[in-house]
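*Asks:* structure for this input, please:
(chains A and B)
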Amino acid sequence: MIDYSFIVDFLFMWIRVATPILLASLGAILCEKSGVVNLGLDGIMLISALFGVLGSAYGGNLIWGVIAGVGSALIISGIFAYFHLVLKANAVLCGTAVNTIASGLTVFALQLATGEKGSSSSLKSYTFPTVNIPFIKDIPILGDILSGHNLITYIAFLMVIVIWIFMYKTPLGLRMRAVGENPNAASSVGQNVIKIRFLAILLCGVLVGFGGMYLSMGYLSMFTRDMVAGRGFIALAACAMGQATPVGVLISSMVFAFFDGLSNILQLLQIPSEFVQMLPYVATIFGLTVYSIQKIRLQKKKSKEIQQNVIE
Amino acid sequence: MEAKREVLRMENIVKVYSNGVMANKGINFSINAGEIHALSGENGAGKSTLMKIIFGEEQPTSGDIYINGQKTVITSPQLAIKLGIGMVHQHFMLVSSMTVAENVILGVEPTKGILINMKHAIKQVEEIAEKYNMNINPKMKVEDLTVGQKQKVEILKALFRGAKILILDEPTAVLTPQETTELFEELKRLRDSGYTIIFISHKLNEVKELCNRITIIRHGKSMGVYDVKTVTEQDISNLMVGRDVILNIEKSAPKIGKTTIRVSDLTIIGENGKHCINRLSFSLREGEILGIAGVEGNGQLELVEALTGLRKYNAGSIEICGKEISQCNVKDIRKLAVSHIPEDRMTTGAAPSLSITENMLSDKISSNSFSKHGIINKRAIKQYGIDMVKQYQILCKNPDVSIDSLSGGNIQKAVLARELSNNPKIIIADQPTRGVDVGATEFIHKRLINMRDNKKSVLLISSDLNEVLGLSDSIIVMHEGRIAAYFPDAAKITELQLGGYMLGIEKQSEEEIKEVRHGQ
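*Replies:* Numbers count the residues shown, from 1 in each chain, chains lettered A, B, ... in the order given. The predicted structure is shown next:
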């Protein structure tokens, strides 16, 4: 018999682990759908994780932390957008540059602020509050799993709906999708492709920034060096696997988070965590391969049918 | 009938592109409210440039535009849309994963609060579609529509934005006959409700059926405005074609040998289900230049792609030197000593950022003289580059500069050098001198004749009548994927005769066309 509370603990942790991946991959949707390859998510997360901590420590409250965290995410996204869209630099290079800058800059800034290179434990920084949901918290089991999470976790799940409405129900969302799929069509009806993409990158930065702040102001209560640990890239994979739709991204983020959480537990069972961490990627490759094969078959069948009809 | 009111007038429009090409040489163009006005001319006559100027995509070098009598400078497509001008591009500007309604409202979305009022949008689109008898469901995704329906979406887009003048750029080129009939019904209905339509086409039967007046453009100049009822199709054809200078290309009588390419009942169906090539048969023989004339888009591109292995065909057969090629890839076909000078030298013909030598070598790099055991022989390659540049008179600093630093004519000479230097039996030359200066054109023509005199077969595809008539020994005219005419002796025909067949006014009898198979 598996221990009962063990399962509840695992499910609670699953949601916790999913939060930063979900936020970043929702941000990735905006870039992907408007036709921007933004590989810099990892770096943006890291920078806002640090500046959130510094802002709250020096500002003396959480609000300053949010301002500094979101502000730094906007600035670095803006730089990425300017180089990529205005100066026409290659997006992959720009994204890589953001990541490289982030890992150096954060350690440097951390040392300036605290004198240490490892973590911000000496600073008194603030975290986002945890929230107990009325009624639900009193339901046995379910309450233990769903209630008592960090505020940002709830925001992240709420954002799935918000991004869905934004992309599919608002004029700006419609224009972003148009710009991403056929920029010529969008500009032929007077849309400024660069402006819309710039906006998408900035909005993406805000979401990703919250994902980063969650790590240092929720998941942990301090900043540690390179604490993002590739979550930005996992988010990109989740975005691709979820076909850049909010619901798809929710599901694939949960899949990645599941294996991430599982690896924590299986370490206890002396199965190498590296092996378990490999599983989501193997699953992704397998899933995408099957999906692509089916899609190609369907297309071939369709075009054959058309041609057959014509010949007859 | 009410008094004709002029809605648009263009005076003395001159357009010189930055590369020095003069597309419009002082065109006057005027249209009245409530008419369908045809604009006809050969490929490259300057129609598209003129329309781009109306739609604000290009600025005229000189000349004035008047809209409703008022002098206007149209600086951008946005302004053109505001002025009530709508363009239906030949290549649709649609987002395929979105619905019809979403495409139509893109950029001018009706809103309710911060959200799009989709219900209202769908209703509006439905209303417009119903009014002009366009049968289309606004909730369908564009990717699931037929080509004809996509075109309706483009028209709806223009109408939704309040266009009063609609420009349709060769709208029937992609349509099936049924769809064309439907389109004409809709356009007539639009005209009767006061819209003005500019209809660009070189299909004269369509012009006759649909339009009120016609403006004919030739070599960047207007050849006049005519009432469609008072001119015959032959008159229009004569005004459209016609050569400025007659090229005199010296060549001896052809010495015809055995058959090298035999095409029988070739049929190719495009992605949209339209017959690009319909039961086409001909044969090409040693020592002749067979010209294929025709307005672009009548199946020439698909034929070349099928012959060179770039496209599979649906029915019929192609035999090259006795071998059926339906299972062959490009490399197999090249091994049969087929050379291909592609239509577009910058995308298919050459790799722009590679050097001249590398481009000329790309089909021969694995041969023994240039590489051994997977290691290339630099010295031999360098010498080859120097020799070829000399032999083909390619003007360049040295053979190692990137090919895109050359002029169009010299790039084409480099392509020619590659294709003619591997001792081909068959040369497929697709628009070999398009956009090439006079000197290079002459050089290319001489080389092609030289190949033919050495018992090679040359298939020349060209929409330049001068070239087809001057260079070919015999000529096929293609129209709508079929052979409209075959002339065994190119010297005996004139461009005016050719024009009639190219534009579909005339068609030879089956017996005459059969000649092209040379009894096989």
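
*Asks:* export stretch A:131-146 to PDB, keeping only CA atoms.
*Replies:* Provided in PDB are the C-alpha atoms of stretch A:131-146 (Å, rounded to 0.1, in the frame of the first residue of the first chain):
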ATOM      1  CA  VAL A 131      -3.700  31.600  -0.400                       C
ATOM      2  CA  ASN A 132      -6.200  29.400   1.300                       C
ATOM      3  CA  ILE A 133      -9.300  29.100  -0.700                       C
ATOM      4  CA  PRO A 134     -12.400  29.300   1.400                       C
ATOM      5  CA  PHE A 135     -14.700  26.200   1.200                       C
ATOM      6  CA  ILE A 136     -12.300  24.200  -0.900                       C
ATOM      7  CA  LYS A 137      -9.700  24.200   1.800                       C
ATOM      8  CA  ASP A 138     -12.200  22.400   4.000                       C
ATOM      9  CA  ILE A 139     -12.900  19.600   1.600                       C
ATOM     10  CA  PRO A 140     -10.800  16.600   2.600                       C
ATOM     11  CA  ILE A 141      -8.100  15.500   0.200                       C
ATOM     12  CA  LEU A 142      -9.100  18.000  -2.500                       C
ATOM     13  CA  GLY A 143      -8.600  20.900  -0.100                       C
ATOM     14  CA  ASP A 144      -5.100  19.600   0.800                       C
ATOM     15  CA  ILE A 145      -4.200  19.400  -2.900                       C
ATOM     16  CA  LEU A 146      -5.800  22.600  -4.300                       C
END
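
*Asks:* what mean pLDDT does it get?
*Replies:* For stretch A:131-146, the mean pLDDT works out to 88.

*Asks:* go on, stretch A:242-258?
*Replies:* According to the model, stretch A:242-258 has a mean pLDDT of 92.

*Asks:* residues in contact with that stretch: which ones?
*Replies:* A:14-15, A:17-18, A:21-22, A:25-26, A:28-29, A:32-33, A:157, A:160-161, A:163-164, A:167, A:234-235, A:237-239, A:241, A:280, A:283-284 (Cβ atoms under 8 Å, 6 or more residues apart in numbering or on different chains). From N, CA and C alone the C-beta is placed, and that goes for glycine too.

*Asks:* try it again at 7 Å.
*Replies:* With contact meaning Cβ atoms under 7 Å, 6 or more residues apart in numbering or on different chains, stretch A:242-258 is reached by A:14, A:17-18, A:21-22, A:25-26, A:29, A:32-33, A:160, A:163-164, A:234, A:238-239, A:241, A:280, A:283.

*Asks:* same check on stretch B:483-501?
*Replies:* B:234, B:237-238, B:240-243, B:280, B:282, B:291, B:293, B:465, B:469, B:472-479, B:504, B:506-508, B:512-513, B:515-516.

*Asks:* those residues, buried ones only, as a ChimeraX selection?
*Replies:* Burial among the contacts of stretch B:483-501 is assessed by 16 or more other Cβ atoms under 10 Å in any protein chain shown; the matching ChimeraX selection reads:
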select /B:237,238,240,241,242,243,280,282,291,293,465,469,472,473,474,475,476,477,478,479,504,506,507,508,513,516
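
*Asks:* ok, for residue B:102, nearest residue in space, not its chain neighbours?
*Replies:* Ranked by Cβ to Cβ, 6 or more residues apart in numbering or on different chains and with sequence neighbours excluded, the top spatial neighbour of residue B:102 is residue A:174, at 6.0 Å.

*Asks:* mind listing what that neighbour touches?
*Replies:* Taking Cβ under 7 Å, 6+ apart, one finds B:102, B:106, B:109, B:116 in contact with residue A:174.

*Asks:* can you pull out the low-pLDDT segments for the chain?
*Replies:* Because you didn't say which chain, this covers chain A. A:1-2, A:306-312 (pLDDT under 70).

*Asks:* wait, I meant chain B there
*Replies:* Applying pLDDT under 70 to chain B picks out residues B:1-3, B:19-20, B:242-248, B:520.

*Asks:* got the contact list for the residue nearest the centre of chain B?
*Replies:* Chain B has residue B:296 as the residue nearest its centroid, 3.8 Å off, counting by Cα atoms, centre = their mean. By Cβ under 7 Å, 6+ apart, the contact set of residue B:296 is B:43, B:463.

*Asks:* surely it is in a strand?
*Replies:* No. According to DSSP: H, G, I helix; E, B strand; the rest coil, residue B:296 belongs to no strand; its state is coil.

*Asks:* any idea how far it lies from chain A?
*Replies:* Distance of residue B:296 to chain A, given as Cβ to the nearest Cβ, to the nearest Å: 21 Å.

*Asks:* how many other residues sit next to the nearest residue to residue B:270 once chain neighbours are set aside?
*Replies:* Nearest residue to residue B:270, sequence neighbours excluded (Cβ to Cβ, 6+ apart): residue B:276, at 4.8 Å. Neighbour count for residue B:276, taken as other Cβ atoms under 10 Å in any protein chain shown: 25.
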